[in-house]
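Asks: Coordinates only, no sequence provided:
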Ligand SMILES: NC(=O)C1=CN([C@@H]2O[C@H](COP(=O)(O)OP(=O)(O)OC[C@H]3O[C@@H](n4cnc5c(N)ncnc54)[C@H](OP(=O)(O)O)[C@@H]3O)[C@@H](O)[C@H]2O)C=CC1
Ligand SMILES: O=CCS(=O)(=O)O
């Protein structure tokens, strides 16, 4: 039976790589994001599988509801929800941060994820199957200077994922928190407000994870036998480690 995956933030990075990975596996795709032209390009590329595009901002609760209620026939029974849409803004110490940036991170990484999860879960519970895959981060576990609110949103995602598992006990619905370390995508470009030079330096002279690496992890947790639930999957590039999270260069 063809399965359906809904991926938020499919216009770039992990979300786009995940769309490609699951399309290669023959899955039906619901792809979401704000940049319509990116989604259209992805649909054109993935023409071998059924694709539904939903253009909306996950911070907009009404839009999430409208789009999920309007899924066309065949796309409504979501087997896997990948709560991937998210961002970090800034790396300043807390006393220098913009309050608006903090609000944007909370609204996207926490509230957007909650909007989507609350809308999709009832169907999964009714069907007695499903899988919610959340994009947490190592930043939700390991503090670092400037990680202030970003890391705190990912700590929320980690604990919410565990609590979801508790609520879903015996319901046949799996929950996984994927916790990547440094991965090269548009993440740093967004974090540094479009400053490509600053963003590029994050990945300089080392080998970060790729979006395809993370898509591989998501594919793995989703295609394991249904009696197996990976609760958390923490993955770092080999060049990254603990303490001050140093990056080995050269
Ligand atoms: N890259 C990294 O090092 C790591 C990233 N992560 C997490 O993984 C997830 C994906 O990150 P990554 O692929 O690297 O980043 P990218 O910036 O490459 O992609 C982020 C995606 O999120 C979407 N998005 C952002 N805000 C919104 C919004 N308000 N509404 C809808 N979609 C939104 C963007 O789409 P659009 O702008 O078109 O709406 C885009 O598709 C994030 O949650 C991030 O925090 C976790 C650990 C490490
Ligand atoms: O979530 C992203 C990884 S990091 O930049 O916070 O280490």
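Replies: That came through, no problem. What you see is a predicted model, and the numbers here were worked out from it, not measured in a lab. Ligands and ions are numbered 1, 2, ... in the order given.

Asks: residues contacting residue 34?
Replies: Neighbouring residues of residue 34 by C-beta atoms under 8 Å, 6 or more residues apart in numbering: 11, 55-57. From N, CA and C alone the C-beta is placed, and that goes for glycine too.

Asks: er, residue 203 actually
Replies: 182, 184, 188.

Asks: of those residues, list those near ligand 2.
Replies: The subset of these within reach of ligand 2, by C-beta under 6 Å from any ligand atom, is residue 182.

Asks: ok, now how distant is residue 168 from ligand 2?
Replies: Distance, residue 168 to ligand 2, by C-beta to the nearest ligand atom, to the nearest Å: 25 Å.

Asks: what about the closest residue to residue 139 other than its chain neighbours, which helix or strand?
Replies: Residue nearest to residue 139 in three dimensions, not counting chain neighbours: residue 151, with 4.0 Å by C-beta to C-beta, 6 or more residues apart in numbering. Taking DSSP states H and E as the criterion, residue 151 maps to helix 148-167.

Asks: Give me the helices and strands touching whichever helix or strand comes after that helix, please.
Replies: Sequence-wise, the next helix or strand downstream of helix 148-167 (DSSP H and E) is strand 173-180. Judged by 3 or more C-beta pairs under 8 Å, 6 or more residues apart in numbering; DSSP states H and E, strand 173-180 is in contact with helix 113-127, strand 130-135, helix 148-167, helix 211-223, strand 232-235.

Asks: Just give me the neighbour total for the closest residue to residue 156 other than its chain neighbours.
Replies: In space, and not counting its chain neighbours, residue 156 is closest to residue 110: 5.2 Å by C-beta to C-beta, 6+ apart. Neighbourhood size, residue 110 [other C-beta atoms under 10 Å]: 18.

Asks: Could I get the buried residue list for stretch 173-193?
Replies: 173-185, 187-192 (16 or more other C-beta atoms under 10 Å).

Asks: Any part of that stretch near ligand 1?
Replies: Yes - residues of stretch 173-193 contacting ligand 1 under C-beta under 6 Å from any ligand atom: 180, 182-183, 185-187, 190.
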